[in-house]
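K.L.:
A predicted structure for the sequence below; I have some questions about it.
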Amino acid sequence: MAHYAELDINNKVIRVLTACNQDILKNGGEQSEQAAEHFKSLNKFSENGVKWVQTSYNNNFRKQYAGIGYTFDFTKNKFITPQPFASWSLDSNDDWQAPVAYPTVTTYGDNVRYFISWDEAGQRWIGKDDSMGNGNEFVWLPNTSSWIATGN
């Protein structure tokens, strides 16, 4: 199955639909404008839709499979995931990076994993030892590559 992402005027993905592989091959082939036009003739735009762009379910082209909220960069010919937090920036591979590198230590005790999340207000990584959020809380200290308990 081929897949097409519907874009709005800001190149944001608003939905993704499947297409028949044979239709794509008969009408210009993968990633072709002709195939996108054929797909458009079979699938009307939604209220805010303006363009169909093929996406790869297996991430074979255009970086990654498009999802709702992704942006298509026509210059780079790829889909970019939504920015997870205001402080994060795109790296040279067009992946979002936090201003503080992800912790290099992700386990404690007998190889038990921390449940790690980004704290945008504090600009830091938080680790918890309970997936339900009821356990102990730790803050990542990148300068010492260690976790310190917060007392929460």
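P.N.:
Yep, that arrived. Numbering: from 1, shown residues only.
K.L.:
Neighbours of the nearest residue to D95 once chain neighbours are set aside, how many?
P.N.:
Counting by C-beta to C-beta, 6 or more residues apart in numbering, the nearest residue to D95 once its immediate chain neighbours are dropped is T81, at 7.9 Å. Backbone N, C-alpha and C define where each C-beta goes, glycine included. Burial of T81 is recorded as 16 neighbouring residues (other C-beta atoms under 10 Å).
K.L.:
How about Y114?
P.N.:
22.
K.L.:
partners of the nearest residue to it once chain neighbours are set aside in the sheet?
P.N.:
Nearest residue to Y114, sequence neighbours excluded (C-beta to C-beta, 6+ apart): G127, at 3.5 Å. As for beta bridges, G127 partners with I116, F138 under DSSP bridges.
K.L.:
Correct me if wrong: G127 contacts F115.
P.N.:
Yes: between G127 and F115 a contact is recorded at 6.8 Å, counting by C-beta atoms under 8 Å.
K.L.:
and Q34, how far is that from Y57?
P.N.:
Distance of Q34 to Y57, given as C-beta to C-beta, to the nearest Å: 21 Å.
K.L.:
I'd like the distance between G127 and N111.
P.N.:
14 Å.
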